[in-house]
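**Q** Below: sequence and its predicted model.
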Amino acid sequence: MNRKFGMMGYAGVLLLAGISAGTAWYLPGSTTENTDNAYLRADITSVSARVGGAVRGVHVSANQTVAAGDLLLELDPLDYQLRLDTAHANVIQAEAALAVNARQRTLGSGDRQLLDAERQGLLAKLSAALAQENLARHDLDSTQVLAPHDGVVGDLVAMAGARIAPGQRLLSLVAVDQPWVEANFKETQLRHLAVGQLATVRLDALPGQLLHGRVESLAPAAGSEFALLPAENASGNFTRVVQRVSVRIALNELVTADVVLRPGLSAKVGIDTVAQP
């Protein structure tokens, strides 16, 4: 009996020790708020073409690093070149009509007021033709899709020969060199959090390494308010759930141990509610 009690007591001690070790980081002191509901984030731009057409060539591959202004892909420009040529011809025609009107005014033929009204109409036509030419040129330039910023190509779906529609997503561009941490704190922790407070970050991908940062901003609403289908708490079946608010943390270290900090990595965050930078 004593032996059985001794074994149970020993197991209890081990259990308590395990719980204590597991929660030590989460309860470092009354001045620190912690969460393991945190992830690395970065700007991810969905790249699309302003115009539609057949993809003539894809000049990047998945996971390739590109710089702002690099050519990502191009569409067949033939249709847009023809539209530009037509618009340019209309400009020349409008300019010629305006020149004929100017010669008539010089010769003084016809009613002066009628000639002035005709000139105003021709000037309006020329202005419209120039606008159409600029639009056609812009469409032609848009057949070349350029990188909007430095980053790494991800989720590449564009293929040579495929026909795309205007605004259709072609690839994503991830700014891996400018990451931040999105930490989701419980509503009961918010009263102690403020912009400028110092933070420590531990990434699961970098065990044993500690990153430092500071609180950059707090979300204006709980995460549930931004959900695609917000909760209907006025319904009959109501379950109270502790809400979380996103806190954005700027990192001091962007690369550590030759490992790029990639968006989506899990993290643990501690914010010192007393210390200031």
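**A** It's in.
**Q** Using CSV, list the CA coordinates for the longest strand seen in the chain.
**A** Among the elements of the chain assigned as strand by DSSP state E, the one spanning the most residues is strand 32-41. Included here for strand 32-41 are C-alpha records, laid out as CSV according to Å, rounded to 0.1, in the frame of the first residue of the first chain:
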residue,chain,number,x,y,z
THR,A,32,5.2,40.5,-19.1
GLU,A,33,2.3,39.5,-21.4
ASN,A,34,2.8,36.3,-23.4
THR,A,35,1.2,34.4,-26.2
ASP,A,36,2.0,31.5,-28.4
ASN,A,37,-0.7,32.5,-30.9
ALA,A,38,1.8,34.4,-33.1
TYR,A,39,3.1,34.2,-36.6
LEU,A,40,5.7,35.8,-38.9
ARG,A,41,4.1,38.0,-41.5
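**Q** average model confidence for the helix or strand that it is followed by?
**A** Scanning forward in sequence from strand 32-41, with DSSP states H and E defining helices and strands, the next element found is strand 44-48. For strand 44-48, the per-residue pLDDT values average out at 95.
**Q** next structured bit after strand 44-48?
**A** The C-terminal neighbour of strand 44-48 among helices and strands, as given by DSSP H and E, is strand 53-58.
**Q** what pairs with that next one, and is each one parallel or antiparallel?
**A** Here strand 53-58 has these sheet partners by DSSP bridges: strand 71-75 (antiparallel), strand 163-164 (antiparallel).
**Q** CSV for the ones you listed, including mean pLDDT and distance to V51?
**A** Every residue, glycine included, has its C-beta placed from N, CA and C. Shown next, in CSV, are the strands paired with strand 53-58 (pLDDT from 0 to 100; distance: least, CB to CB, whole Å):
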stretch, mean pLDDT, distance to V51
strand 71-75, 97, 7
strand 163-164, 95, 9
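**Q** Highest mean neighbour count out of the ones you listed?
**A** For those, the largest average neighbour count (mean count of other CB atoms under 10 Å) is found in strand 71-75, namely a mean of 20.
**Q** which stretch among the strands paired with strand 53-58 comes nearest Q209?
**A** Proximity of those to Q209 was assessed by CB to CB; the nearest stretch is strand 71-75, lying at 34.1 Å.
**Q** What are the contacting residues of the closest one?
**A** Counting by CB atoms under 8 Å, 6 or more residues apart in numbering, the neighbours of strand 71-75 from elsewhere in the structure are 47, 49, 51-60, 66, 143-147, 153, 158, 164, 170-171.
**Q** mind running it again at 6 Å?
**A** Contacts of strand 71-75 from elsewhere in the structure, counted by CB atoms under 6 Å, 6 or more residues apart in numbering, are 53, 55-60, 143-145, 147, 158.
**Q** so which of the residues you listed comes closest to E187?
**A** Proximity of the contacts of strand 71-75 to E187 (CB to CB) peaks at A147, which lies at 39.9 Å.
**Q** Check the closest one and give its pLDDT.
**A** Predicted confidence (pLDDT) at A147: the value is 97.
**Q** cool, and the one 4 residues further on?
**A** Note for G151: predicted pLDDT of 93.
**Q** Quick one: low-confidence residue ranges for the stretch 51-200 of the chain.
**A** 107-114 (pLDDT under 70).
**Q** What ranges does it have for its helices?
**A** Counting by DSSP state H, counting those that start in this stretch, one finds helices in the stretch 51-200 of the chain at the ranges 78-107, 112-141.
**Q** Right, I'll call it a day here.
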